[in-house]
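Enquirer: Please work out how this folds:
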Amino acid sequence: MAWDELKALFIVKEPEAKADRAALEVREGDLDAFELPRDASGPAPLPADAVPATGATIDFQALYDQAGIPNTDEVEALEKFLGGLDMELPQASRVAAAKAFLGAIGKAPADVLEDAGRKIKVVRVVAEAKQADAERALATHQSAIDELQAKMEGHRSQMEQLRRELEAARTQCAVEEGRLQGARTFFGHVGQLEVTKGGSRP
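Expert: Down below sits the predicted model:
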């Protein structure tokens, strides 16, 4: 079940004594108010070397353990419970069921919020570390590409120079061959005329 579908179920509003069922409905503004802000303060939840290398499967539970988050799993327990509910149930019924479930395991909505908040901080540290690693790797590869492209441009320039030199050499050779062919043609023709005039030699 997607988080967008579940997040409304994590928010439990305490109705007044004689509130009707509509009082249990959760508005979008209520949901936004409970999301952990990006600038949430708190100590770094993970040591610098705890984040796995890029490409490795992320074991979030192991990271939560390293961050010292108590293994109470309020979020996971509630998510599993809500995942088993009929999604066609009215919102009020789902909220009431979630409250009853939390009460049965001795927890309160505040415990879910606290557990999720601690874990979100860990997830954000992981995401930021992964992004930093990826950006460094991308910069390295881009630098290598730029260097290769510069070398390729150098080779292209040399190839163009060689083509120009070859064309110049071909032109010079054609001119020289034309001169020499002219000499052969002229003097060969003259020689034939002399032979013709003098008659055949014995």
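Enquirer: Every contact and neighbour count from this point should use C-alpha atoms.
Expert: Fine.
Enquirer: what about V122, how many residues close to it?
Expert: Other residues near V122 come to 22 when the count uses other CA atoms under 10 Å.
Enquirer: secondary structure class for I58?
Expert: Secondary structure, DSSP: H, G, I helix; E, B strand; the rest coil: I58 is coil.
Enquirer: Please determine how far it is located from D133.
Expert: Distance of I58 to D133, given as CA to CA, to the nearest Å: 14 Å.
Enquirer: Same check on E167?
Expert: 50 Å.
Enquirer: And for Q66?
Expert: On the measure of CA to CA, Q66 and D133 end up 20 Å apart.
Enquirer: Check I120 too.
Expert: Applying CA to CA to I120 and D133 gives a distance of 20 Å.
Enquirer: Have a look at these two and say which one is more surrounded.
Expert: The residue with more neighbours, out of I120 and D133, is I120; 17 against 14, by other CA under 10 Å.
Enquirer: if you average pLDDT over the helix or strand where the more buried one lies, what comes out?
Expert: Assessed by DSSP states H and E, I120 sits inside helix 109-198. Averaging pLDDT along helix 109-198 gives 87.
Enquirer: Which secondary structure elements does that helix sit against?
Expert: Secondary-structure packing of helix 109-198 (3 or more CA pairs under 8 Å, 6 or more residues apart in numbering; DSSP states H and E): helix 60-66, helix 74-83.
Enquirer: With mean neighbour count and mean pLDDT as new columns, can these be given to me in a markdown table?
Expert: Below are the helices and strands packed on helix 109-198 laid out as a markdown table (neighbours: other CA atoms under 10 Å; pLDDT from 0 to 100):
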| stretch | mean neighbour count | mean pLDDT |
| --- | --- | --- |
| helix 60-66 | 15 | 84 |
| helix 74-83 | 16 | 76 |
